[in-house]
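**Student:** Below are the sequence and a predicted model for it; my questions follow.
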Amino acid sequence: MGMFDFLLARKQTAAVAKDRLRIIVAHERASRGGPDYLPMLQRELLEVIRKYVSVDAEAVKVDLVGDGDNKVLDISVSLPEHSAG
């Protein structure tokens, strides 16, 4: 291990952090152009799902995805695994 290897590790960490920040900024920019009802739709879906299954707020994702000339509402729900009992 060289004397200045710790500097190289820091550069790699900084590059990873920079890439992650770019992804977050791109995601935020894409969601800004979406309809304003999506957050409300996400909250309401979460409320309905919670009537039947205990899930956290991060379990429901609602996105508007472009599919050629059409927009597709993409709804993803992560349900908890139940143990057999």
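**Tutor:** It's in.

**Student:** Let me know the helix or strand that residue 48 is in.
**Tutor:** For residue 48, the host element (DSSP states H and E) is helix 38-50.

**Student:** who does residue 75 bridge with?
**Tutor:** residue 62 (DSSP bridges).

**Student:** on contacts alone, who are the packing partners of the helix holding residue 48?
**Tutor:** With contacts taken as 3 or more Cβ pairs under 8 Å, 6 or more residues apart in numbering; DSSP states H and E, helix 38-50 sits against strand 60-67, strand 70-77. Using the backbone N, CA and C atoms, a C-beta is placed for each residue, glycine as well.

**Student:** In contact with residue 72, which residues?
**Tutor:** 64, 65, 66 (Cβ atoms under 8 Å, 6 or more residues apart in numbering).

**Student:** Taking the centroid of the chain, which residue is nearest it?
**Tutor:** residue 61 (7.2 Å; Cα atoms, centre = their mean).

**Student:** Distance of that residue relative to residue 15?
**Tutor:** 28 Å (Cβ to Cβ, to the nearest Å).

**Student:** ditto for residue 39
**Tutor:** Taking Cβ to Cβ, one finds residue 39 at 32 Å from residue 15.

**Student:** ditto for residue 50
**Tutor:** Counting by Cβ to Cβ - residue 50 and residue 15 are separated by 40 Å.

**Student:** Looking at those two, which is more packed in?
**Tutor:** residue 50 (14 against 10; other Cβ atoms under 10 Å).

**Student:** Contacts only, for the more buried one.
**Tutor:** Residue 50 touches nothing, counting by Cβ under 8 Å, 6+ apart.

**Student:** what does residue 62 give?
**Tutor:** Contacts of residue 62 by Cβ under 8 Å, 6+ apart are 38, 41, 42, 45, 73, 74, 75, 76.

**Student:** Can you convert those into TSV and add a column each for neighbour count?
**Tutor:** Shown next, in TSV, are the contacts of residue 62 (neighbours: other Cβ atoms under 10 Å):
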residue	neighbour count
38	14
41	14
42	16
45	16
73	11
74	11
75	11
76	9
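
**Student:** among the contacts of residue 72, who's most crowded?
**Tutor:** residue 64 leads these on contacts (other Cβ under 10 Å) with 15 neighbours.
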